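[1] prediction below, plus the sequence it came from.
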Amino acid sequence: MSGILFAKEYLITYRYTVKDAVIYNEKLSISRAMTPCKGELVSSSLIIAYPQNNEKSSLDQIILNSFDEFFSYISKVMISVDHRERTSMMQNSSFTKVLFPTTCFKVDFNDSFVTITAIKK
């Protein structure tokens, strides 16, 4: 875990909205942190392998290629779900929003994998 101390810091946000069983909006935002993040590293890290011939892969592409693993990891860190249902004139309507608030991560790129660790305030 000592290599993680010199890792780059990124801010990551994820939002997913479903209205009446139809995907309404999905957005993943990733940007480099402009100032050092304050907080403690969480005890678990996510390790994602990527092809060695693809050294120029951006963090965005690496996460999108392994999104299920990443979503499972952030679900354990901090995620909120807002769900509402309404019935009017015998018609059901529903709205679900999954939100992972902007969180800072330490990201360490190695030869064939990337280590992602959340920082909790």
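    Received it, and whenever you're ready, just let me know what you need.

[2] which stretches in the protein count as strands?
    Under the criterion DSSP state E, the chain carries strands at the ranges 8-19, 22-32, 40-41, 46-49, 80-88, 91-109, 113-120.

[3] and Ile74, which of those is closest to it?
    Go through the strands of the chain one by one with C-beta to C-beta and the one that ends up closest to Ile74 is strand 91-109, at 5.1 Å. In short, each C-beta sits where N, CA and C put it, glycine included.

[4] can you give the distance of that closest one from its chain's centre?
    7 Å (C-alpha atoms, centre = their mean, to the nearest Å).

[5] for stretch 40-60, same thing?
    The offset between the C-alpha centroid of stretch 40-60 and the centroid of the whole chain comes to 12 Å, using C-alpha atoms, centre = their mean.

[6] show me what counts as buried in that stretch.
    When burial is assessed from 16 or more other C-beta atoms under 10 Å, stretch 40-60 yields the following buried residues: 41-42, 45-46, 48, 50, 59.

[7] what mean pLDDT does that stretch have?
    Looking at stretch 40-60 alone, the average pLDDT works out to 80.

[8] surely Ile74 meets Pro101?
    No: using C-beta atoms under 8 Å, Ile74 and Pro101 do not qualify as a contacting pair, with a distance of 10.1 Å.

[9] the two: which is more packed in?
    Each of Ile74 and Pro101 had its neighbours counted (other C-beta atoms under 10 Å), and the higher figure belongs to Ile74 (19 against 11).
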